[in-house]
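Student: Quick one, structure for this:
(one chain, ligands or ions: 2)
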Amino acid sequence: MQALIIIDVQNDFLPGGALAVTGGDQVIAVANEEQKRFSLVVATQDWHPKDHKSFAVNNDRKVGEVIELEGLAQVMWPAHCVQNTKGAELAAALDQKGIEKIFHKGTNPSIDSYSGFFDNGHRQATGLGAWLQARGVDRVTLLGLATDYCVKFTALDAVKLGFETEVVVRGCRGVELQQGDVERALSEMRAAGVRLI
Ligand code: VGL
Ligand code: ZN
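Tutor: Ligands and ions are numbered 1, 2, ... in the order given. Below you'll find the predicted structure:
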């Protein structure tokens, strides 16, 4: 059984959003097209409380600085995808009728969660892995935002959980905090056994 996982296609990651990803809006058409090939589609949604510790403003830091949080390196982000705000909503142009379930991540204020499966410390699961396994899913296809953060970490965890994993590269865009981050993310995924299509 195969499933499509649409990662964080949310207003704050689109041009004009709080953590805008260049060309982020271009993944929507790909997501809508790809959905037609799948009988099972799920999505993830970055879903932070407003006091989330990954927000620069909550640590008196500048965006892009790296601090230590819960023993992990944590990039300081602009406040984004705050629960129940417009910025956290899935893009209006994204076809949502066929999305069976949405998994929230980043809800714990003290630890970030790039992967759709676990927080960055692998301490708590979102439920996505068990849910897919309960439905007999053994292959997952990923697309969405952002290539160098949430897509990458979701793909790496999917492989670790034993899913045959592929990423639709034209359906992803990256933050590219450092030039080359997207290329490096793609290489890391490929090296881990992710099929890039
Ligand atoms: C993401 C940075 C912070 C993502 C989420 O969806 O890739 N990146 N929160
Ligand atoms: Zn986030």
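
Student: tell me which element the residue of the chain most remote from its centre falls in.
Tutor: No residue in the chain sits farther from the centre than D60, which is 25.3 Å out by C-alpha atoms, centre = their mean. Using DSSP states H and E, D60 falls within no helix or strand.

Student: Who are the contact partners of it?
Tutor: Residues near D60 by C-beta atoms under 8 Å, 6 or more residues apart in numbering: none. C-beta coordinates here come from the backbone N, C-alpha and C atoms, glycine included.

Student: Could you check the pLDDT of it?
Tutor: We note a pLDDT of 98 for D60 in this prediction.

Student: any idea how far ligand 1 is from it?
Tutor: 19 Å (C-beta to the nearest ligand atom, to the nearest Å).

Student: now that residue: how far from F38?
Tutor: Distance of D60 to F38, computed by C-beta to C-beta, to the nearest Å: 44 Å.

Student: G136 too?
Tutor: 14 Å.

Student: Looking at those two, which is more packed in?
Tutor: Shown here are G136 and F38; by other C-beta atoms under 10 Å, F38 has more neighbours (14 against 9).

Student: Does the more buried one lie in a helix or a strand, and which?
Tutor: For F38, there is no host helix or strand (DSSP H and E).

Student: Next, give phi and psi for the closest residue in space to it that isn't next to it in sequence.
Tutor: Counting by C-beta to C-beta, 6 or more residues apart in numbering, F38 lies nearest to L4, which is 4.1 Å off, once chain neighbours are set aside. In terms of degrees, to the nearest 10, the main-chain angles of L4 are phi -100, psi 130.

Student: dump the residue contacts of L4.
Tutor: L4 neighbours (C-beta under 8 Å, 6+ apart): 34-35, 37-38, 40-42, 140-143.

Student: what is it paired to in the beta sheet?
Tutor: V41, T141 (DSSP bridges).

Student: That one and A158, how far apart?
Tutor: According to C-beta to C-beta, L4 and A158 sit 12 Å apart.
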